[in-house]
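**Student:** No letters, just coordinates:
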């Protein structure tokens with residue numbers, strides 16, 4: 001479902017969001033797991049309130065527009081879905097870490113892989129699943 005009630009996002013700003021997620025996940029796996037709640041906050045804000053309310057996304061957008069490298073505008077619906085999944089996965093990871101379980105690395109590792117795909121190849125797996133879901137739902 002395309003979202004027209006929220007402003008579209010610039011493609012390269014979304015890629016920098018993915019790079020930020022990748023960097024935080026890598027840092028967490030390298031011994032700084034207390035950084036994962038930052039992903040919870042980013043996922044919460046971008047996924048439920050919109051990218052235009054996320055300070056890091058706004059910074060990336062402003063910098064890229066100033067450099068003339070913002071890319072193309074994309075509908076925010078699929079990106080918001082991806083950020084809702086980021087919120088869920090990082091919340092699970094944080095909960096597992098706080099509970100003393102070493103299993104927190106599983107959701108962080110999954111986020112690491114998918115955020116790398118977004119940052120490096122502009123492939124958003126959650127966006128792809130979101131689009132497929134609405135295509136299949138429309139055929140019923």
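**Tutor:** Yes, it's here. Predicted model, so just to flag it, every value in this text is computed and none were measured.

**Student:** Could you use CA atoms for every contact and neighbour count after this?
**Tutor:** Will do.

**Student:** what about the strands in the protein?
**Tutor:** Ranges of strands in the chain, per DSSP state E, are 9-10, 73-74.

**Student:** How confident was the prediction at residue 13?
**Tutor:** On pLDDT, residue 13 comes in at 95.

**Student:** Find the residue at the geometric middle of the chain.
**Tutor:** When C-alpha atoms, centre = their mean is applied to the chain, the residue found nearest the centroid is residue 83 (4.2 Å).

**Student:** where does this protein have low pLDDT?
**Tutor:** 1-4, 139-140 (pLDDT under 70).

**Student:** pull the longest helix from it.
**Tutor:** For the chain, the longest helix by residue count, based on DSSP state H, is helix 76-98.

**Student:** Sort out which residues of it are buried, please.
**Tutor:** The neighbour-count check on helix 76-98 (16 or more other C-alpha atoms under 10 Å) flags 76-94, 96-97 as buried.

**Student:** Next one: residue 108 relative to residue 25, how far apart?
**Tutor:** Relative to residue 25, residue 108 is positioned 6 Å away (C-alpha to C-alpha, to the nearest Å).

**Student:** could you dump the strands of the chain to CSV with mean neighbour count and distance to residue 61?
**Tutor:** Compiled in CSV, the strands of the chain are given as follows (neighbours: other C-alpha atoms under 10 Å; distance: least, C-alpha to C-alpha, whole Å):
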stretch, mean neighbour count, distance to residue 61
strand 9-10, 23, 7
strand 73-74, 14, 11
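
**Student:** mind checking which of these is nearest residue 104?
**Tutor:** Among these, strand 9-10 comes nearest to residue 104, with 30.2 Å by C-alpha to C-alpha.

**Student:** Now do the closest one: which elements does it pack against?
**Tutor:** On a contact count with 3 or more C-alpha pairs under 8 Å, 6 or more residues apart in numbering; DSSP states H and E, strand 9-10 meets strand 73-74.

**Student:** Indicate each strand paired with the strand it packs on and its parallel or antiparallel sense.
**Tutor:** strand 9-10 (antiparallel) (DSSP bridges).
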